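Q: Got a predicted model here, sequence first, then my questions.
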Amino acid sequence: MKAVIVCVSVSHGNTRRVADSMAEVLEARVVTPEEADVGEVGEADIVGFGSGVFYGRLHPRLTGFVRSLPGVSAPPGGERRGAFVFATSGLPELSLVFSYARPLSQLLQGKGFEVEATFSCRALDTWAPFKPLGGLHKHRPNAADIAAAR
């Protein structure tokens, strides 16, 4: 199975740690949107897309990359290409009301991907109001979060 993970991890490296743990299981390459090869993404059996959460949304570099993708064709056999979306955030996701992954998942579906799973976990957040306190979730993602991501 060919796999690739497109990841934006800008603040503390937490999202990259999650991506690297997933990549070990999938034997995938982890790349930034700027490093990603559109051909590789289009040919992969499964593609992961992840970032930290900024003001309630996934990073604009990631969503911009997905918007720029051409529609992917189905592999032989007619199934849609697989994808998953993941996020790290300081604040909890209110999945019944709002999902960090939903907008990107819908965009990916429009590009011909079948979004098979989403994942999110807490991570160190040093956004302005939390910075004087040293941030929220200083020891996250922890071993349990990494195990869940795998």
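A: That came through, no problem.

Q: Tell me how far the spatially most central residue of the chain lies from residue 14.
A: With distances taken as Cα atoms, centre = their mean, residue 50 lies nearest the centre of the chain, 1.3 Å away. In this structure, residue 50 and residue 14 are separated by 11 Å, where distance is defined by Cβ to Cβ, to the nearest Å. Glycine gets a C-beta too; all of them are placed from N, C-alpha and C.

Q: Tell me, how many residues neighbour residue 34?
A: Residue 34 has 9 neighbours, counted by other Cβ atoms under 10 Å.

Q: Near the closest residue to it other than its chain neighbours, how many residues? Count them for me, please.
A: If you skip the residues right next to it in sequence, residue 34 has residue 61 as its closest partner in space, 7.6 Å away by Cβ to Cβ, 6 or more residues apart in numbering. Using other Cβ under 10 Å, residue 61 has 14 other residues around it.

Q: Can you identify the element that follows the longest helix along the chain toward the C-terminus?
A: Among the elements of type helix in the chain, defined by DSSP state H, the one spanning the most residues is helix 14-26. Secondary structure here is assigned by DSSP states H and E; on that basis, the next helix or strand after helix 14-26 toward the C-terminus is strand 29-31.

Q: ok, that next one: who's next to it in the sheet?
A: strand 3-8 (parallel) (DSSP bridges).

Q: related to what we said a few turns ago, these two touch, right, the residue nearest to residue 34 and residue 6?
A: No. Counting by Cβ atoms under 8 Å, residue 6 is not a contact partner of residue 61; they are 9.6 Å apart.

Q: list residues touching both of the two?
A: With contacts defined as Cβ atoms under 8 Å, 6 or more residues apart in numbering, the residues adjacent to both residue 61 and residue 6 are 32-33.

Q: What's the local residue count around the closest residue in space to residue 17 that isn't next to it in sequence?
A: Of all residues beyond its chain neighbours, the one nearest residue 17 is residue 141 (6.2 Å), with distances taken as Cβ to Cβ, 6+ apart. For residue 141, the tally of surrounding residues (other Cβ under 10 Å) stands at 21.
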